[in-house]
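What follows is a predicted structure for the sequence shown.
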Amino acid sequence: MGIFSVFSSKKQKEDLDKGLEKTRQSVFSKISKAVVGKSKVDDEVLDNLEEALVTSDVGVATTLKIIERIEARVARDKYLGTDELNNMLKEEIENLFSENNTKDGTDFELPPDKKPYVIMVVGVNGVGKTTTIGKLAYNFKRVGKSVLLGAADTFRAAAVDQLTIWADRVGVPIVSQGMGADPASVAYDTLKSAVSRDVDVVIIDTAGRLHNKVNLMNELTKVRRVMQKVIPDAPHETLLILDASTGQNAIEQARQFVAATDVNAMALTKLDGTAKGGVVIGISDQFKIPVKYIGVGEKKEDLQVFNKKEFVETLFHLD
């Protein structure tokens, strides 16, 4: 690891610590209240802990799973002090991420056998979809990858314009046909161009909102099918963007998109502006889909590859 990598990693940890500050303060406040006056983990502590996790936007189903596992550990070990509770929570949350195939990423890496690597980005309007695409493009370019964007969200003129602004800002080319164009046609042209230019990664934007779930499913299926005429296994990644600050609403959005298309990766944005970061845990657990990226600020550098170990250690203030 070079000197730049060390400094970059240190900066990322500092940004993550700052980005999770509101969530950490909220979670710890509630957990502290759950154990106040107690020396061991008993039924009352577990009940209070359950309430603390649910109100931290972890979600009911995931909270119950965590509580059951801690309950089993308490029963097995007979006596566990409340001072060990943070370590138990940390371990169980890390285990949940591992079970959902969330890997400890370190950088914006690409599979060497997929070129171009095709990412289809989905998510409702307003979650930071276009911004995340711009940040992805910047970070892939930063590590030496060539990038091509495809403006296939043609239902809103603003979507094409915003993506074009980001393409100019980070210095990557974009394929667009303007508002009202066939999204599948844009995706097809983007992939044809990517192959001819020998680019490393293609990022395709898609519509954030259609009239109903059937329209959404049909449109995304069509885009996928047309892309496969150029690259048979495209898209390699269907990335769902969710706004962490919406808490449980993000879970409902995830449910809609998972039903509509083959989502295999997620990005949670706006973690720096919310105390609802616990939703990252619940979403990963409920949908069994890896969290790949998190947004912890507004700068281009503030989109991070998700690292479950660092996330949990930062959340629980463990070094």
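It's in. Predicted model, so just to flag it, every value in this text is computed and none were measured.

Just the mean pLDDT for stretch 133-141, thanks.
Average pLDDT, stretch 133-141: 96.

low-scoring stretches of this protein, by residue?
Scanning the chain for pLDDT under 70 picks out 1-9, 78-82, 106, 210-213, 317-319.

how about the strands of it, start to end?
117-122, 147-151, 174-175, 201-205, 237-243, 265-269, 291-295, 303-305 (DSSP state E).

Need the residues that contact the second one.
Where contact means CB atoms under 8 Å, 6 or more residues apart in numbering, the residues beyond strand 147-151 that reach it are 116, 133, 137, 140-141, 159-160, 163-164, 166-167, 172-177, 186-187, 189-191, 193-194, 197, 199-205. For the C-beta atoms, the positions are set from N, CA and C on the backbone; glycine is no exception.

any idea how far it is from the chain center?
The chain centre lies 20 Å from the centre of strand 147-151; the measure is CA atoms, centre = their mean, to the nearest Å.

What strands flank it, and is each parallel or antiparallel?
Using DSSP bridges, strand 147-151 pairs in its sheet with strand 174-175 (parallel), strand 201-205 (parallel).

which parts of it are buried?
147-151 (16 or more other CB atoms under 10 Å).

between the residues you listed, which is nearest Lys276?
Nearest to Lys276 out of the buried residues of strand 147-151 is Leu149 (CB to CB; 29.8 Å).

in the sheet, who's paired with that closest one?
Ile174, Ile203.

how close does Arg224 get to Pro235?
Per CB to CB, to the nearest Å, Arg224 is found 7 Å from Pro235.

whoops, I mixed them up, Leu148
Leu148 is 13 Å from Pro235, where distance means CB to CB.

Quick check, central residue of the chain?
Ala267 (1.8 Å; CA atoms, centre = their mean).

so what's that residue up against?
Per CB under 8 Å, 6+ apart, neighbours of Ala267: 132, 239-242, 291-295, 303.

again, only this time at 6 Å
132, 239, 241, 293 (CB atoms under 6 Å, 6 or more residues apart in numbering).

Reformat the residues you listed as a markdown table; add distance to Glu313 and neighbour count.
Listed next are the contacts of Ala267 as a markdown table, based on distance: CB to CB, whole Å; neighbours: other CB atoms under 10 Å:
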| residue | distance to Glu313 | neighbour count |
| --- | --- | --- |
| Thr132 | 24 | 23 |
| Leu239 | 25 | 23 |
| Ile241 | 25 | 25 |
| Tyr293 | 18 | 21 |
